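Peer 1: would you be able to build a 3D model of this:
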Amino acid sequence: MLTFSMLSGCDFQNSKRIPSLTESYRKTDKLPFGSYIAYKGFQSEFPDYWINIADKPFDKTWDDIKSNSNKYSLYFLITKNLILSVDEVNAMIEYVKAGNDLFISADYIDTKLLDAVYCNINRKSEIVNEVNGKMRDTHVSMFYDKQFETSKYSYYYFPFLNYFSSYDTSYARVLGVNEKNLPDYIVLFEGKGRLYLHLAPRVFSNYFLLTNHNFQYFEYVTAYLRFDPQYVFWDEYYKNYSSTQNRNNLDDNNNNNNDHFSSLSVIQKNPSLSWAFYLALAGILLFAFFNMKRKQRIIDVIKPNSNATVAFTETIGKLYLQQKNNKNISEKMITYFYEYIRKKYFINTSFINEEFINILSSKSGFAHSETKELFEFVKNIQLQEDVTDDQLLKLNIKIENFKKNK
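Peer 2: Have a look, this model is predicted:
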């Protein structure tokens, strides 16, 4: 059993600054998400074995095992994201079918390996919570029949929500569940061996294992492993590395924090993500290209010229009508009427007499009697102090009748 005396020299307490939360899972890393505690616990689970540190691609390790093994071996792998080449996937399947045990715990497991064992995982909820920075109390549990109660192993961080959405129940068994009681730890029986798949690598972090009694969960997880292998391997090669990159052998004392997992490598390894990424990139480029073109300024609509004279006349007319000054209006009407006669018939309107009426009637063709009646009415209007609405209307009718005469 692991004791806290193993932690002498660890920097978990009395630190004035927040430690790095990088999920390295390296056996020498004593930061919150290193696996120093898990590695010490793994050593205590196999006290009589020399733990081999795997520091090269799995297919190379398998080549070494095949030529020297006459009994099954155990390979224990913890990483944030597991990216594999086709050769590595084929080697893993061959390794398990040959009778060996392979344990993998990762947030992301390469789809090539999952497809080879007919499994699918759902990571959407956990990714959404991480992107939004939502932390809370979360837990995992071992799986038992519904009639039995199981302990919950909890801590405060991003929730455990990854789970296996599908798997072949004919040769798979559920061993553990997340906080939603959905399977996040299964074992698959391939050939003569076993493939253990686990989707919550943070349970192997120093932070989780040192919280409450959570180390018991580590003991339960590893209790399903067979404990009499010929070789035992602890992986240090796939810690935050992509198989498409050049990988250097890891040094136990190397504290280099520049080895970050590349999100682009995950996209490149998945055809569907690659297509979505490149389509999105093409859409952005097209949008930028078409918006670079000069946009024509909006041409203002030119309104046709309005008849200002008519508008002015209407305005003045409304003003006079509102004031109800019929006398003033009648005088203006008579003045404009005389102006009309002077311009059209070239007759002097200074003296309105019988001679004027005869000449105007002759030139206009308007009846003499009606012409005489018109100017008599005009004279009466001019002599009155007040003009009624009826008189004003009658004056207007008489003048218009004269103008309309052909």
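
Peer 1: doesn't Lys363 make contact with Phe402?
Peer 2: No - if you go by Cβ atoms under 8 Å, Phe402 and Lys363 don't touch, sitting 11.9 Å apart. In this view, the C-beta of every residue, glycine as well, is placed from N, C-alpha and C.

Peer 1: quick one: which of these two has more around it?
Peer 2: With neighbours defined as other Cβ atoms under 10 Å, Phe402 and Lys363 compare such that Phe402 has more, 18 against 13.

Peer 1: and the more buried one, what element?
Peer 2: Using DSSP states H and E, Phe402 maps to helix 389-404.

Peer 1: for that helix, packing partners?
Peer 2: Counting contacts by 3 or more Cβ pairs under 8 Å, 6 or more residues apart in numbering; DSSP states H and E, helix 389-404 packs against helix 326-345, helix 368-383.

Peer 1: reformat these as TSV; add mean neighbour count, mean pLDDT and distance to Lys112.
Peer 2: Shown next, in TSV, are these (neighbours: other Cβ atoms under 10 Å; pLDDT from 0 to 100; distance: least, Cβ to Cβ, whole Å):
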stretch	mean neighbour count	mean pLDDT	distance to Lys112
helix 326-345	15	87	99
helix 368-383	15	89	109
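
Peer 1: now the helices: where do they sit in the stretch 151-300 of the chain?
Peer 2: 206-209, 215-223, 263-269, 271-292 (DSSP state H, counting those that start in this stretch).

Peer 1: packing partners for the last one?
Peer 2: Spelled out, it's helix 271-292. helix 263-269.

Peer 1: and Ala280, how far from Phe289?
Peer 2: Distance of Ala280 to Phe289, given as Cβ to Cβ, to the nearest Å: 15 Å.

Peer 1: tell me where the stretch 101-250 of the chain has strands.
Peer 2: Assigned by DSSP state E, counting those that start in this stretch, the stretch 101-250 of the chain shows strands spanning 101-109, 120-122, 136-142, 153-157, 163-166, 172-177, 183-190, 193-198, 232-235.

Peer 1: what's the closest of those strands to His368?
Peer 2: Smallest distance to His368 across the strands of the stretch 101-250 of the chain (Cβ to Cβ): 109.1 Å, for strand 120-122.

Peer 1: buried ones in that closest one?
Peer 2: Of the residues in strand 120-122, Ile121 count as buried by neighbour count, 16 or more other Cβ atoms under 10 Å.

Peer 1: in this structure, which ranges drop under the pLDDT threshold?
Peer 2: 1-16, 145-149, 240-271, 292-298, 304-313, 315-324, 406 (pLDDT under 70).

Peer 1: quick one: Lys192 from Leu113, how far?
Peer 2: 19 Å.

Peer 1: how far off centre is stretch 335-343?
Peer 2: For stretch 335-343, the separation from the chain centroid amounts to 79 Å (computed by Cα atoms, centre = their mean, to the nearest Å).

Peer 1: now do it: everything it contacts.
Peer 2: 347-349, 360, 378, 399, 403 (Cβ atoms under 8 Å, 6 or more residues apart in numbering).

Peer 1: closest to Pro47 among the residues you listed?
Peer 2: Nearest to Pro47 among the contacts of stretch 335-343, with distances taken as Cβ to Cβ, is Lys403, at 127.3 Å.

Peer 1: excluding chain neighbours, what is closest to the closest one?
Peer 2: Spatial nearest neighbour of Lys403, chain neighbours left out: Tyr340 (7.1 Å); criterion: Cβ to Cβ, 6 or more residues apart in numbering.

Peer 1: and for Tyr95?
Peer 2: In this structure, Tyr95 finds its nearest non-sequential neighbour in Trp62, 5.1 Å apart by Cβ to Cβ, 6+ apart.

Peer 1: please apply the same query to Ser125.
Peer 2: Per Cβ to Cβ, 6+ apart, closest to Ser125 is Leu161, 4.1 Å.

Peer 1: before we move on, what about Ile53?
Peer 2: Per Cβ to Cβ, 6+ apart, closest to Ile53 is Glu236, 5.4 Å.

Peer 1: check the spacing between that neighbour and Gly41 real quick.
Peer 2: 16 Å.

Peer 1: which residue of the two possesses the greater neighbour count?
Peer 2: Ranked by neighbour count (other Cβ under 10 Å), Glu236 and Gly41 place Glu236 first, with 24 against 19.

Peer 1: walk me through the domains of this structure.
Peer 2: 4-261, 263-294, 308-404 (automatic domain parsing).

Peer 1: which one, of the ones you listed, ends up nearest to Asp300?
Peer 2: Of these, nearest to Asp300 by Cβ to Cβ is domain 263-294, at 18.6 Å.

Peer 1: enumerate the beta-bridge partners assigned to the spatially closest residue to Gly176 that is not a sequence neighbour.
Peer 2: Here the nearest residue to Gly176 in space, its sequence neighbours aside, is Tyr185; by Cβ to Cβ, 6+ apart that works out to 3.1 Å. With DSSP bridges as the criterion, Tyr185 is bridged to Gly176, His198.

Peer 1: ok, Tyr185 touching Ala172?
Peer 2: No - in this structure, Tyr185 is not within contact of Ala172 by Cβ under 8 Å, at 11.0 Å.

Peer 1: looking at the two, which has the bigger crowd around it?
Peer 2: Neighbours were counted for Tyr185 and for Ala172 using other Cβ under 10 Å; Tyr185 has more, 26 against 20.

Peer 1: ok, so what distance separates that one from Ser35?
Peer 2: In terms of Cβ to Cβ, Tyr185 sits 17 Å off from Ser35.

Peer 1: cool, Leu74 as well?
Peer 2: 16 Å.

Peer 1: how deep is the closest residue to Tyr220 other than its chain neighbours tucked in, by neighbour count?
Peer 2: Nearest residue to Tyr220, sequence neighbours excluded (Cβ to Cβ, 6+ apart): Met142, at 5.0 Å. When neighbours are defined as other Cβ under 10 Å, Met142 has 20 of them.

Peer 1: contacting residues around Met142?
Peer 2: Taking Cβ under 8 Å, 6+ apart, one finds 150-151, 175-177, 185, 217, 220-221 in contact with Met142.

Peer 1: repeat that for Leu374.
Peer 2: With Cβ under 8 Å, 6+ apart, Leu374 has these contacts: 398-399, 402.

Peer 1: thanks a lot, catch you later.
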